[in-house]
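Peer 1: coordinates only, no sequence provided:
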């Protein structure tokens, strides 16, 4: 997947873009949080899928946590489990390489 606005030879700009995008997720009020959630295409698609899967056990949850400004996107990981057993760990942001890892 490529974004036309980024030159992948210069990942610094992509990392700056990610940092700015993450800061945009920091909301101060419940009203702002609901506005952000209701405007999310990803959430919309998930909710449509949940209503289409009525016969399946579909359990949606919203997790809210205190904003941690020291949290770094290059240290965000995704774990995979198979039959309840941990089997893999990958960096969440797969668009670039982070030297810190």
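Peer 2: Noted; the coordinates are in hand. Nothing here was measured: the structure is a model prediction, and the numbers come from that model.
Peer 1: for this structure, which segments are assigned as helices?
Peer 2: Taking DSSP state H to define them, one finds helices in the chain at 11-24, 30-38, 41-52.
Peer 1: got the angle between the second one and helix 11-24?
Peer 2: Looking back up the chat, that one is helix 30-38. 130 degrees (axes from the mean of the first three to the mean of the last three C-alpha atoms, to 10 degrees).
Peer 1: of all the helices of the chain, which one is nearest residue 68?
Peer 2: helix 11-24 (10.8 Å; C-beta to C-beta). Yep, even glycine has a C-beta here, placed from its N, CA and C like the rest.
Peer 1: average pLDDT across that closest one?
Peer 2: Taken as a whole, helix 11-24 carries a mean pLDDT of 77.
Peer 1: and stretch 62-74, by the same measure?
Peer 2: pLDDT averaged over stretch 62-74 gives 77.
Peer 1: report pLDDT for residue 89.
Peer 2: 91.
Peer 1: so what sits opposite it in the bridge?
Peer 2: Assessed by DSSP bridges, residue 89 has beta-bridge partners residue 79.
Peer 1: and it, how far from residue 68?
Peer 2: Using C-beta to C-beta, to the nearest Å, residue 89 is found at 21 Å from residue 68.
Peer 1: that older thread, could you dump the helices of the chain into a markdown table and include distance to residue 84 and mean neighbour count?
Peer 2: Formatted as a markdown table, those follow (distance: least, C-beta to C-beta, whole Å; neighbours: other C-beta atoms under 10 Å):
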| stretch | distance to residue 84 | mean neighbour count |
| --- | --- | --- |
| helix 11-24 | 31 | 12 |
| helix 30-38 | 30 | 11 |
| helix 41-52 | 23 | 11 |
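Peer 1: since that was my last question, I'll sign off now.
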